[in-house]
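In: Quick check, what structure comes out for this input:
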Amino acid sequence: MSEHIVKQYDAELEAVRSRVLQMGGLVEQQIVKAMQGFETGDMALIDQVIADDTQVNAHEVDLDEACTNLIARRQPAAGDLRMIMTVVKTITDLERIGDEAEKIARMARVLHQNDAFASMPRIQLQHAAMLAVDMLRKSLDSFARLDLSSAAQVVRQDKLVDAEFKSVMRQLITFMMEDPRTITRSLEILWIAKAIERIGDHAKNMSEYVVYMVKGRDVRHVSVEEIEREVNQ
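Out: Reported below is the predicted structural model:
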């Protein structure tokens, strides 16, 4: 393979990596804006999140096609093939995170349009949302820098997001039992909390793909301790 072809191939791989990070940045903004819309009732912001989901979907389709073309034309092996497979899996999770952000925006619109926000149970969701956003950032950073310590941190943080969701669910169940009139609004808040918890799950998946990309070992469905052992080897 000539030096020119090698350089061109490396540039194509780098372009794909950069576009994943670009898609990740867009998805991160989607979550932040959706939560701002939920907190403030800013309908323009809520509508923007819903409209921008088509951009996230377009990124996934374009990157999927780019990866398919790379495999067909370049026949990558070993680390390069693992990188491309990691991209294919990562963009699926990013697209699903975008869907969860859109769900948050849609539920926020329902709550604010029905003037239900003022009488809603006072539940703190921002902390869980910021944890999930931090997990997403760390996953993207570990992908960009091949940093396995960040990837392991994300897996640990997922347990915190899960605990936050369970706490919110317990609070909402209490509200619903004490005052059945809050059931509809409580369930709508619960769907938002569930969306945040799912964002954490997808960010965790992404961090596990990075371990696979670097180490060549699939660490899905193994314990946090096993992942940390793999990372530290």
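In: check contacts around Leu131.
Out: 157, 160-161, 164, 200 (CB atoms under 8 Å, 6 or more residues apart in numbering). The C-beta positions use only the backbone N, C-alpha and C, and glycine is treated the same way.
In: so which helix or strand takes in Ala44?
Out: helix 43-74 (DSSP states H and E).
In: Who are the packing partners of the helix or strand just after that helix?
Out: The first helix or strand that comes after helix 43-74 along the chain, using DSSP H and E, is helix 78-113. Applying 3 or more CB pairs under 8 Å, 6 or more residues apart in numbering; DSSP states H and E, we find helix 78-113 packed against helix 3-40, helix 43-74, helix 126-145, helix 183-215.
In: Between helix 126-145 and the next helix-or-strand element following the last one, find me the angle.
Out: Pointing back at helix 183-215 there. From helix 183-215 onward toward the C-terminus, using DSSP H and E, the following helix or strand is helix 224-232. On the basis of axes from the mean of the first three to the mean of the last three CA atoms, to 10 degrees, helix 224-232 is oriented at 30 degrees to helix 126-145.
In: returning to that earlier point: and of the helices and strands packed on helix 78-113, who's closest to Ala152?
Out: Nearest to Ala152 among these is helix 183-215; the distance by CB to CB comes to 7.6 Å.
In: which parts of that closest one are buried?
Out: 185-186, 188-190, 192-214 (16 or more other CB atoms under 10 Å).
In: now stretch 165-175
Out: 165, 168-169, 171-172, 175.
In: just stretch 133-147 next, same as before
Out: So, applying 16+ other CB under 10 Å, buried residues of stretch 133-147: 133-143, 147.
In: And for stretch 102-109, what's in contact with it?
Out: 30-31, 33-35, 37-38, 41, 43, 46-47, 49-50, 53, 188-189, 191-192, 195-196.
In: switch the cut-off to 10 Å
Out: Outside stretch 102-109, the residues that touch it by CB atoms under 10 Å, 6 or more residues apart in numbering are 30-31, 33-43, 45-54, 56, 117, 125, 129, 187-196, 198-199.
In: Dihedrals phi and psi, Asp147?
Out: Per-residue torsions, Asp147: phi -100, psi 100 (degrees, to the nearest 10).
In: residues contacting Ile196?
Out: Ile196 neighbours (CB under 10 Å, 6+ apart): 31, 34-35, 100-101, 103-104, 125-133, 161, 164-165, 168.
In: Low-confidence regions, the chain specifically.
Out: For the chain, the stretches with pLDDT under 70 are 1-4, 115-121, 233.
In: make it 90
Out: Scanning the chain for pLDDT under 90 picks out 1-10, 74-79, 111-124, 148-149, 151-152, 179, 181-186, 215-233.
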